[in-house]
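# missing the sequence, but the structure's below:
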Ligand code: MN
């Protein structure tokens, strides 16, 4: 899945045109996810934190073998600071684009059948997903992914972890870094994660399945 385009930096007037990643505009207003996520958190989390990851990514790939790679390829092959910034750039776009103020709040079709089959019910899936996020010590992400056979997995990973590195296809993620919820929920991570079910757009998640 291609999350964002690259653009030619037209400010460059020489023949050394550089390709950089740009931060996509969110498809909703900054206050559209309230009360689950406040305007202030969107402004800091997407406007500042995510912007910094993309700025760092652009600095780190400049003049390297990674410059012409798709972001998913960079995540699959890079390590250290480049992996961290590339993966965080991708993860946050994936996270914020999973939400919608007027989306569908339950999965349907094949994904619903797979969730019911593998987790018992949608309710049980939601509990297991939040539990995995709450149980992650420190900063990181909780994920719903599928493998090549369509089997579903809930995984958790620290820092900039991304299931792409394990060969899985991500479907949904919740950010459990404190910066994702501290302004709105302080230390109450479980409350913060449970509120996200009110803004997940399952039509988006199904499109990734
Ligand atoms: Mn974050």
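All right, it came through fine. As the structure is a computational prediction, the values presented were derived from the model and not from experiment. Numbers count the residues shown, from 1 in each chain.
# what lies in contact with the longest helix seen in the chain?
The single longest helix within the chain, with elements called by DSSP state H, is helix 80-96. Where contact means CB atoms under 8 Å, 6 or more residues apart in numbering, the residues beyond helix 80-96 that reach it are 3-4, 21, 23-24, 26, 42, 45-46, 49-50, 53-54, 56-57, 60-61, 66, 71-72, 74-75, 78, 141, 159-162, 170, 173-175. Backbone N, C-alpha and C define where each C-beta goes, glycine included.
# got it, and stretch 197-209?
With CB under 8 Å, 6+ apart, stretch 197-209 has contacts from 1, 33, 36-37, 97-101, 103-111, 114, 126, 144, 146, 150, 169-172.
# try 7 Å
Residues outside stretch 197-209 that contact it (CB atoms under 7 Å, 6 or more residues apart in numbering): 1, 33, 36-37, 97-100, 103-111, 126, 146, 171-172.
# and for stretch 62-76?
3, 18-19, 21, 61, 78, 82-83, 86-87, 89-90, 162, 164-165.
# give the rounded mean pLDDT of that stretch.
Across stretch 62-76, pLDDT averages out at 91.
# so which of the contacts of helix 80-96 belong to strands?
Within the contacts of helix 80-96, residues falling in strands by DSSP state E are 21, 141, 170, 173, 174, 175.
# what number of residues lie near the nearest residue to the last one once chain neighbours are set aside?
When you say that, I think you mean residue 175. Counting by CB to CB, 6 or more residues apart in numbering, residue 95 is the residue found nearest to residue 175 once chain neighbours are left out, at 5.3 Å. Burial measure for residue 95: 19 neighbouring residues, criterion other CB atoms under 10 Å.
# for residue 196, see how far away residue 43 is.
18 Å (CB to CB, to the nearest Å).
# sorry, that was for residue 101
In terms of CB to CB, residue 101 sits 13 Å off from residue 196.
# neighbour-wise, which of the two wins?
For the pair residue 101 and residue 196, the greater number of neighbours falls to residue 196 (23 against 15), based on other CB under 10 Å.
# what sits against the more buried one?
Residue 196 touches 36, 174, counting by CB under 7 Å, 6+ apart.
# where's it relative to residue 77, distance?
31 Å.
# write the ChimeraX selection for whichever of the contacts of stretch 62-76 are buried.
In ChimeraX syntax, the buried subset of the contacts of stretch 62-76 is picked out as below (16 or more other CB atoms under 10 Å):
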select :3,21,61,78,82,83,86,87,89,90,162,164
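# pLDDT check: weakest of the contacts of stretch 62-76?
residue 3 (45).
# break the chain into its domains for me.
Here the domain assignment for the chain is 9-25+38-96, 109-208, based on automatic domain parsing.
# confidence-wise, which of the ones you listed is weakest overall?
domain 9-25+38-96 (a mean of 88).
# what residues does this structure have near the ion?
175, 177, 180 (CB under 5 Å from the ion).
# how many residues are close by residue 170?
21.
# I meant to write residue 122 there.
16.
# kindly report the same for the one 10 residues further on.
Here the number of neighbours of residue 132 (other CB under 10 Å) works out to 19.
# ramachandran angles for it?
Dihedral angles phi and psi of residue 132 (degrees, to the nearest 10) take the values phi -70, psi -40.
# and the helices in the protein?
39-44, 51-61, 71-77, 80-96, 109-119, 122-134, 182-185, 189-195, 202-208.
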